[in-house]
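Trainee: What shape does this take:
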Amino acid sequence: MASALRIRDLTLRDGQQSQFATRMTQAQVERVLPLYKKAGFYAMEVWGGAVPDSVMRYLNEDPWKRLESIKAEIGEASRLTALSRGRNLFGYSPYPDSVIRGFCGNAVRSGVDIMRIFDALNDPANMESSVRFVKEAGGTADCAICYTTDPPFSRGRRLASALRGKRLPGAIFTDRYFLEKARAVAGLGADMISIKDMAGLIEPLRAYQLVRLLKSETGLPVDLHTHCTPGFGVASILMAMVAGVDIVDTVILSWSGGPAAPAYEIIQLFADRMGRDTGVDRATVAAIDTQLRSFRAELSAFDQYKENHPPILDLSKHKLPREDAALFDHALEAATGKPSAAKAERVLELCRKIEKRFHYPDPDAIVQKAQIPGGMYTNMLSQLHEAKLDDKVPEVLALVPQVRLDCGLPPLVTPTSQIVGVQAVNCVVDLALGKPYYTNVSKNFAELVRGSYGKTPWPIDPDFRLKICGVREETPYDTSAYRKQPNPSLVEFGGASLAIDEKEELLIELFPSVAEKFLKGKRRAEWEEAHPPLPPEPEKPARYLPEFWEALPLEAGA
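Mentor: Numbers count the residues shown, from 1 in each chain. This next block holds a predicted model:
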């Protein structure tokens, strides 16, 4: 009997974050929740990531209400999942255990069933507190290992570096590397392991190999999370399914592809051919997709792929055209049996044809070649444009591997992708101004080099650390000097505190400036509701003053 395949739907968090800059409103979320309750997804990712910041910053909405309202509607129909960055939670700085405990406990009590915990350096020490506090609160700890690849140094670049006496590292991100990380988080108490491929770089054969390895060596359920930007997404999930992956992350069709994850509908068609039951109600998903298409029109200002709308596909009643069905059959046939590079290449070729049939954007060749996340690339473009150096894009892309090596080869995921990207642009700007690289160093880059974010995969050259930070030795983060954010009384609103409970205090801790503005607006609204302005006094009738001639006495006989 074939094993079940569990589906984690990402639409309400990662899907909208990837496609529409996290602008989905509370009202839009609430309109689809009754359908989601009937859909039967194993899990729904609905919170964390950019959601708490964005709903306050752009929508003036309460992130805790967002989570609690979803839980109230969904109940136990699907498990709700959220994403956090281990010791950094949502920011750049490491937080003390008191903040991590408060966040994890409140998140679970407000509705999170599964917390996906990752660290930008894949440093298990940065995940330990979150794992412990999530489990203490009764939640499931999903430990994510960030997938990344070695920098694409050419043979000539390696030879030139060796001649200067600085040999470049060999393969770092090997199967052994990922297995060691998986064993480490299993030792922390992980209930499941996710391969978190934020840039969509995992190729089909590698997906097969890692899934098989992690499942056999840890005994834990394995989830594959990937994106479609470089064009590997569908093929890699198919190969992971053949390898026996337990859970896959998908987005509903009309919001899938491009920077988002592959479509549930495409994966369901493969699952049907493999005899793997997902337990998802197909007609309900089609109804959700109909609603999402109207949301896509409402969110068009943030939609960079307006012309790439996949056609409607109701799997409860529609059958694929014969030619399309043949593509699925041939792709699965190529994926089964003993894996090889040639077979994986054939799987990729056929799956890209499938993606084309569903109007997915073309694979992003720049992201694929430079091996960087799409968001990192667009941020670098914006930074260069502001510096009036738009023509320097090739130089920045060529420099990214060196900057990444200099700071210890971190995986390129938030926040390290932004840190490395910003510093690569800074170096190119330095050169344009006739200055040496690293003349202008960002604070976050210096902290990364110092050791404040944790252990990097590759040791940082002590001479480079001295140049950037003024110290040769690695200096780990120290939260003993952490000071809680102030929670002032607002005299203008009757002396009410800016934050009135622990959850609001956590918003101030995690998003200081954004939360301050949001909470001030919330206190203002509460004050005005409790103290409505007095109705205006009715106007007194004007006293009648007769005109001058009306006041004169009448003459006799008149």
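
Trainee: Strands along the stretch 401-550 of the chain, start to end?
Mentor: 489-490, 496-497 (DSSP state E, counting those that start in this stretch).

Trainee: Quick one: the strands in the stretch 251-400 of the chain, in order.
Mentor: Under DSSP E, counting those that start in this stretch, the stretch 251-400 of the chain gives no strands.

Trainee: Tell me where the model's unsure across it.
Mentor: For the stretch 251-400 of the chain, applying pLDDT under 70 flags the ranges 307-308.

Trainee: how long is stretch 84-101 from one end to the other?
Mentor: 13 Å (C-alpha to C-alpha, to the nearest Å).

Trainee: distance between that stretch and the chain's centre?
Mentor: 16 Å (C-alpha atoms, centre = their mean, to the nearest Å).

Trainee: can you give me phi and psi for residue 84?
Mentor: phi -140, psi 160 (degrees, to the nearest 10).

Trainee: Please look at it and residue 103 and confirm they touch.
Mentor: Yes: with contact defined as C-beta atoms under 8 Å, residue 84 reaches residue 103; the gap is 7.4 Å. The way it works is simple: take the backbone N, C-alpha and C, and place the C-beta from them, glycine included.

Trainee: quick one, which of the strands of the stretch 401-550 of the chain is nearest to residue 139?
Mentor: strand 496-497 (28.5 Å; C-beta to C-beta).

Trainee: Any chance you could list what contacts the closest one?
Mentor: By C-beta atoms under 8 Å, 6 or more residues apart in numbering, the list of residues contacting strand 496-497 from outside reads 487, 488, 489, 490, 523, 526, 527.

Trainee: again, 7 Å this time
Mentor: 487, 489, 490, 523 (C-beta atoms under 7 Å, 6 or more residues apart in numbering).

Trainee: Look at the first one and say how many residues are nearby.
Mentor: Yep, that's residue 487 we're talking about. 15 (other C-beta atoms under 10 Å).

Trainee: Surely it touches residue 506?
Mentor: No: assessed by C-beta atoms under 7 Å, residue 487 is found out of contact with residue 506, at 11.1 Å.

Trainee: quick revisit: and among the strands of the stretch 401-550 of the chain, the most buried is which?
Mentor: strand 496-497 (a mean of 16; mean count of other C-beta atoms under 10 Å).

Trainee: Tell me how far stretch 229-249 lies from the chain's centre.
Mentor: The answer for stretch 229-249 is 19 Å, by C-alpha atoms, centre = their mean.

Trainee: same deal with stretch 431-438?
Mentor: Taking the mean of its C-alpha atoms, stretch 431-438 sits 33 Å from the chain's own mean (C-alpha atoms, centre = their mean).

Trainee: buried stuff in it?
Mentor: Across stretch 431-438, burial judged by 16 or more other C-beta atoms under 10 Å covers 431, 437, 438.

Trainee: can you check stretch 19-32 too?
Mentor: Those would be 19, 20, 21, 22, 23, 24, 25, 28, 29, 32, for stretch 19-32 by 16+ other C-beta under 10 Å.

Trainee: Dump it to PDB, keeping only the CA atoms.
Mentor: Taking Å, rounded to 0.1, in the frame of the first residue of the first chain, the C-alpha atoms of stretch 19-32 are listed here in PDB:
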ATOM      1  CA  GLN A  19       3.600  37.000  -5.000                       C
ATOM      2  CA  PHE A  20       2.000  40.100  -3.400                       C
ATOM      3  CA  ALA A  21       4.400  41.500  -0.900                       C
ATOM      4  CA  THR A  22       2.300  40.200   2.000                       C
ATOM      5  CA  ARG A  23      -0.600  42.600   1.400                       C
ATOM      6  CA  MET A  24      -3.500  40.200   1.900                       C
ATOM      7  CA  THR A  25      -6.000  41.900   4.200                       C
ATOM      8  CA  GLN A  26      -7.800  40.400   7.200                       C
ATOM      9  CA  ALA A  27     -11.100  40.700   5.300                       C
ATOM     10  CA  GLN A  28      -9.600  38.700   2.400                       C
ATOM     11  CA  VAL A  29      -8.300  36.000   4.700                       C
ATOM     12  CA  GLU A  30     -11.600  35.700   6.500                       C
ATOM     13  CA  ARG A  31     -13.500  35.200   3.200                       C
ATOM     14  CA  VAL A  32     -11.600  32.000   2.300                       C
END
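
Trainee: Distance from that stretch to the middle of the chain?
Mentor: Worked out by C-alpha atoms, centre = their mean, stretch 19-32 lies 15 Å from the chain centre.

Trainee: Check stretch 116-125 too.
Mentor: Worked out by C-alpha atoms, centre = their mean, stretch 116-125 lies 14 Å from the chain centre.

Trainee: before we move on, what about stretch 384-396?
Mentor: 26 Å.

Trainee: Start and end of that stretch, how far apart?
Mentor: 9 Å.

Trainee: cool, and stretch 304-312?
Mentor: By C-alpha to C-alpha, one end of stretch 304-312 lies 20 Å from the other end.

Trainee: And that stretch, what's buried?
Mentor: 305, 309, 310.

Trainee: quick revisit: can I get the strands of the stretch 401-550 of the chain in CSV including distance to residue 54 and mean pLDDT?
Mentor: Below are the strands of the stretch 401-550 of the chain laid out as CSV (distance: least, C-beta to C-beta, whole Å; pLDDT from 0 to 100):
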stretch, distance to residue 54, mean pLDDT
strand 489-490, 24, 95
strand 496-497, 25, 95
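
Trainee: I'd like these as TSV, with distance to residue 15 appended.
Mentor: Output for the strands of the stretch 401-550 of the chain, formatted as TSV (distance: least, C-beta to C-beta, whole Å):
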stretch	distance to residue 15
strand 489-490	37
strand 496-497	36
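
Trainee: which one of these lies closest to residue 409?
Mentor: strand 496-497 (44.6 Å).

Trainee: Not counting sequence-adjacent ones, nearest residue to residue 29?
Mentor: Distance criterion C-beta to C-beta, 6 or more residues apart in numbering; nearest residue to residue 29, sequence neighbours excluded, is residue 12 at 6.2 Å.

Trainee: got the residue ranges for the helices in the stretch 201-350 of the chain?
Mentor: 204-218, 233-242, 264-274, 282-298, 322-335, 341-357 (DSSP state H, counting those that start in this stretch).

Trainee: Adding mean neighbour count and distance to residue 50, write the ones you listed out as JSON lines.
Mentor: Listed next are the helices of the stretch 201-350 of the chain as JSON lines, based on neighbours: other C-beta atoms under 10 Å; distance: least, C-beta to C-beta, whole Å:
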{"stretch": "helix 204-218", "mean neighbour count": "21", "distance to residue 50": "26"}
{"stretch": "helix 233-242", "mean neighbour count": "29", "distance to residue 50": "20"}
{"stretch": "helix 264-274", "mean neighbour count": "21", "distance to residue 50": "22"}
{"stretch": "helix 282-298", "mean neighbour count": "18", "distance to residue 50": "17"}
{"stretch": "helix 322-335", "mean neighbour count": "16", "distance to residue 50": "33"}
{"stretch": "helix 341-357", "mean neighbour count": "19", "distance to residue 50": "25"}
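
Trainee: Redo the ones you listed as JSON lines? Include distance to residue 3.
Mentor: Below are the helices of the stretch 201-350 of the chain laid out as JSON lines (distance: least, C-beta to C-beta, whole Å):
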{"stretch": "helix 204-218", "distance to residue 3": "11"}
{"stretch": "helix 233-242", "distance to residue 3": "10"}
{"stretch": "helix 264-274", "distance to residue 3": "9"}
{"stretch": "helix 282-298", "distance to residue 3": "20"}
{"stretch": "helix 322-335", "distance to residue 3": "16"}
{"stretch": "helix 341-357", "distance to residue 3": "20"}
